[in-house]
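S.K.: build me a model from this:
(2 chains)
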Protein chains: 2
Amino acid sequence: MRVAVDAMGGDFGPAVIVPSSLIALADPEYPDLSIVFVGQHDKIEPLLSRMAEDQRRRVHVVDAPDEVAMSDAAARAVRSKPKSSMAVGLQLLKTGEADAFMSAGHSGAVMAGALGIIGRVPGVARPALVTVLPTLKGRSMLLDLGAVTDPKPRFLVQYAIMATTYATHVLGLPNPKVALLSNGEEPSKGNLLVQEVFPLLAATPGINFVGNTEGKELLRGDIEIFVTDGFTGNVALKSMEGAVSALTQVLREEVTKGIVRKALALMLRPALREVRLRLDYEEIGGAPLLGVNGAVIVGHGRSRERAIANAVRVASRTASQNIPAEIARSIQASGAIADVTV
Amino acid sequence: MRVAVDAMGGDFGPAVIVPSSLIALADPEYPDLSIVFVGQHDKIEPLLSRMAEDQRRRVHVVDAPDEVAMSDAAARAVRSKPKSSMAVGLQLLKTGEADAFMSAGHSGAVMAGALGIIGRVPGVARPALVTVLPTLKGRSMLLDLGAVTDPKPRFLVQYAIMATTYATHVLGLPNPKVALLSNGEEPSKGNLLVQEVFPLLAATPGINFVGNTEGKELLRGDIEIFVTDGFTGNVALKSMEGAVSALTQVLREEVTKGIVRKALALMLRPALREVRLRLDYEEIGGAPLLGVNGAVIVGHGRSRERAIANAVRVASRTASQNIPAEIARSIQASGAIADVTV
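M.R.: Residues are numbered from 1 along each chain as shown, chains lettered A, B, ... in the order given. You can find the predicted model right below:
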């Protein structure tokens, strides 16, 4: 699998992205992985100088002098900068010179760029931004995260189908449970959108719809797929981030109050580190854009070594499963085909 | 202040609610507090038998044989059970026999009952369910939590005004910052509702509107009031609850892996307990129904001793500040008066 990596995206740039991607390249479980770094040639090449010969052969560099900044307007960034790493990387995906594209840059810009350059899977009305969450029992998916803030009910039906396909083929979760994020579990709960979507999901073949669920279930691990509008999904995700961050800070303050607590906390550090790793969703490393016509993985903006390496692995697995074709098939089978002219 | 307490509401019933309320009664900072327990007479009286004479004089019991169950339909529960503790307690508030009403029962039922029995503050379109959150720096308010899942834009403007009044008078937060919960901080972000509400809030006098904000700010403490629709507010709150619960569980698992960690964790127990107390929003104990024409405080359903006691204190303070009159005044002053016929 040839994964094109946006070497410029993310808060850290090539100095973090290139060596982190090479961790995935060195992973013996990915012997067929090759990486095409896309970005400013002179910043990337020096980072490859000390590679072993056999690995160096699996790495290519494609020059892309422009940069897309986090501050650029998402919708226009890629279109107005055709020589940016995002635009060039997506072009490689389109022409088949790469099998997947991974960027840790501005997710909105990646989405807009992917729509402009590679387009949608046939039959898909709107692609979705997804996050893969670490739960107490494994993994769950939450979508949409803001690609569409005011979706039509049928978009959410497609989200459920696309996520079921991805969870089954890439995450290894057979027959994943799909729930509608709501303000209560009863079928009567929900805002107007949820009340319209509920019967549609209940009538959709090929998904394992279990009904409405509440935000407190997101990390519990009993449900694998949470479907919601992009506005609510974003708020839910950020609310969880904030809660984890606040709890972590209070914990840090309390366990460093005084010399005795400090010493105890120091001895417990391995435990505290494992807590962080188990629930740090950045560690998962990559989330797919579902519904675009190619394997596009967005790394989290603050992604570090492990997260970038994992995002490259995810990109490789996503490409090898040919997810866009699988999504087209399952959308077709469910009868939930969008009139793409709408 | 005479606080009517719903002795039957909540998951625990009189055996928890009565003794917990008496903790507030014994608080020397509330010398003028008296409590009217409303509920099944024969279940309440035995719990008062061992009280000191001087405190017993500040406690009354009003019989209310019916019970509102958590499973009852919120809208009809109070209307169909006029002899329930909720209905009788709200009647006491209406007739002036009580200055405030506190219930740890079904918040939707309390809201519906309050609307039916005491009605709205003049000029208020829709009351809101609020939660008061513990933050890293103090307290914040999040509303609405589900009273109205699909509000009109002007409802949110009133939420901002009502919360500003409450934060100033009851929480002691002068000039509280008001933000609109959104999927990004830029003024251009938001779903259709947020985009309509933003300019309205920016043009409302008497509130300190600071713009859009993300869910991760909810517990940080830099902003005091978060305004959102009832659907999103509920999802955000439950998502935070779930995140805290998951992190706590992982922490518990990791610090009890092996005898050494167990011993260290045992010694750190005071620190861990303080972490829980500092971020456990149940400890705050009570949240107001803002916009109903009386002081009505809802305790969290799983409220325990401390939370119930605090909810009674909050009810007393809310009553002493005459919040409904203050809200009527500030709504009038802002010009955001609702046409209550709509």
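S.K.: from chain B, how far out is the closest residue to A:Gln40 other than its chain neighbours?
M.R.: Counting by Cβ to Cβ, 6 or more residues apart in numbering or on different chains, A:Gln40 lies nearest to A:Pro65, which is 6.0 Å off, once chain neighbours are set aside. Any C-beta I mention is one placed from the backbone N, CA and C, and that applies to glycine too. To chain B, A:Pro65 is 28 Å away according to Cβ to the nearest Cβ, to the nearest Å.
S.K.: neighbours around A:Pro65, how many?
M.R.: 14 (other Cβ atoms under 10 Å in any protein chain shown).
S.K.: what's near enough to touch the nearest residue to A:Pro205 once chain neighbours are set aside?
M.R.: Using Cβ to Cβ, 6+ apart and skipping residues adjacent in sequence, the residue nearest A:Pro205 is A:Ser334, 5.6 Å away. Shown in contact with A:Ser334 (Cβ atoms under 8 Å, 6 or more residues apart in numbering or on different chains): A:Val157, A:Ile161, A:Thr204, A:Pro205, A:Gly206, A:Ile207.
S.K.: what about the nearest residue to A:Asp99 once chain neighbours are set aside, distance to chain B?
M.R.: Among residues not flanking A:Asp99 along the chain, A:Ala319 sits closest, at 3.8 Å (Cβ to Cβ, 6+ apart). Separation of A:Ala319 from chain B (Cβ to the nearest Cβ) stands at 29 Å.
S.K.: still on that earlier bit, which of the contacts of A:Ser334 are buried?
M.R.: A:Val157, A:Ile161, A:Thr204, A:Ile207 (16 or more other Cβ atoms under 10 Å in any protein chain shown).
S.K.: is stretch A:265-280 anywhere near chain B?
M.R.: Yes: Stretch A:265-280 lies within reach of chain B by Cβ under 8 Å from any Cβ of the partner chain, at A:Ala265, A:Met267, A:Leu268, A:Ala271, A:Leu272, A:Glu274, A:Val275, A:Arg278, A:Leu279.
S.K.: isn't A:Gly116 up against A:Ser80?
M.R.: No: contact criterion Cβ atoms under 8 Å: A:Gly116 and A:Ser80 do not qualify, at 10.8 Å.
S.K.: re earlier: dump the residues of stretch A:265-280 next to chain B to CSV, plus neighbour count.
M.R.: CSV is the format used below for the residues of stretch A:265-280 next to chain B (neighbours: other Cβ atoms under 10 Å in any protein chain shown):
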residue, neighbour count
A:Ala265, 20
A:Met267, 15
A:Leu268, 21
A:Ala271, 22
A:Leu272, 18
A:Glu274, 16
A:Val275, 22
A:Arg278, 17
A:Leu279, 22
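S.K.: just these: which are in helices?
M.R.: A:Ala265, A:Met267, A:Ala271, A:Leu272, A:Glu274, A:Val275, A:Arg278, A:Leu279 (DSSP state H).
S.K.: which two among those residues are spaced furthest apart?
M.R.: In those, the most distant members under the criterion Cβ to Cβ are A:Met267 and A:Leu279, with 21.4 Å between them.
S.K.: can you list the contacts of A:Ser334 in TSV and add secondary structure, distance to B:Glu253 and pLDDT?
M.R.: Output for the contacts of A:Ser334, formatted as TSV (DSSP: H, G, I helix; E, B strand; the rest coil; distance: Cβ to Cβ, whole Å; pLDDT from 0 to 100):
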residue	secondary structure	distance to B:Glu253	pLDDT
A:Val157	helix	37	97
A:Ile161	helix	35	97
A:Thr204	coil	37	95
A:Pro205	coil	39	93
A:Gly206	coil	36	93
A:Ile207	coil	32	96
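S.K.: identify, from the residues you listed, the entry nearest to B:Leu180.
M.R.: Using Cβ to Cβ, the contacts of A:Ser334 come closest to B:Leu180 at A:Val157, 29.2 Å.
S.K.: so who does that closest one touch?
M.R.: With contact taken as Cβ under 8 Å, 6+ apart, A:Val157 is in contact with A:Val197, A:Leu200, A:Leu201, A:Thr204, A:Ser334, A:Ala336.
S.K.: isn't A:Leu237 right up against B:Gly215?
M.R.: Yes: here A:Leu237 reaches B:Gly215: they are 7.3 Å apart, a contact under Cβ under 8 Å.
S.K.: kindly export the helix or strand hosting A:Val3 (C-alpha atoms) in PDB.
M.R.: Using DSSP states H and E, A:Val3 sits within strand A:2-6. Output of strand A:2-6 as PDB, limited to C-alpha atoms (Å, rounded to 0.1, in the frame of the first residue of the first chain):
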ATOM      1  CA  ARG A   2       1.300   3.400  -1.000                       C
ATOM      2  CA  VAL A   3       0.300   6.000   1.600                       C
ATOM      3  CA  ALA A   4       0.700   9.600   0.600                       C
ATOM      4  CA  VAL A   5       1.500  11.600   3.800                       C
ATOM      5  CA  ASP A   6       1.000  15.300   4.100                       C
END
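S.K.: residues contacting it, please?
M.R.: With Cβ under 8 Å, 6+ apart, strand A:2-6 has contacts from A:17-18, A:21, A:33-39, A:62, A:85-86, A:89, A:92-93, A:97-105, A:312, A:315-316, A:319.
S.K.: distance from the chain centre to it, please.
M.R.: 15 Å (Cα atoms, centre = their mean, to the nearest Å).
S.K.: right, and the helix or strand after it?
M.R.: Strand A:2-6 is succeeded, C-terminally, by helix A:14-25 (DSSP H and E).
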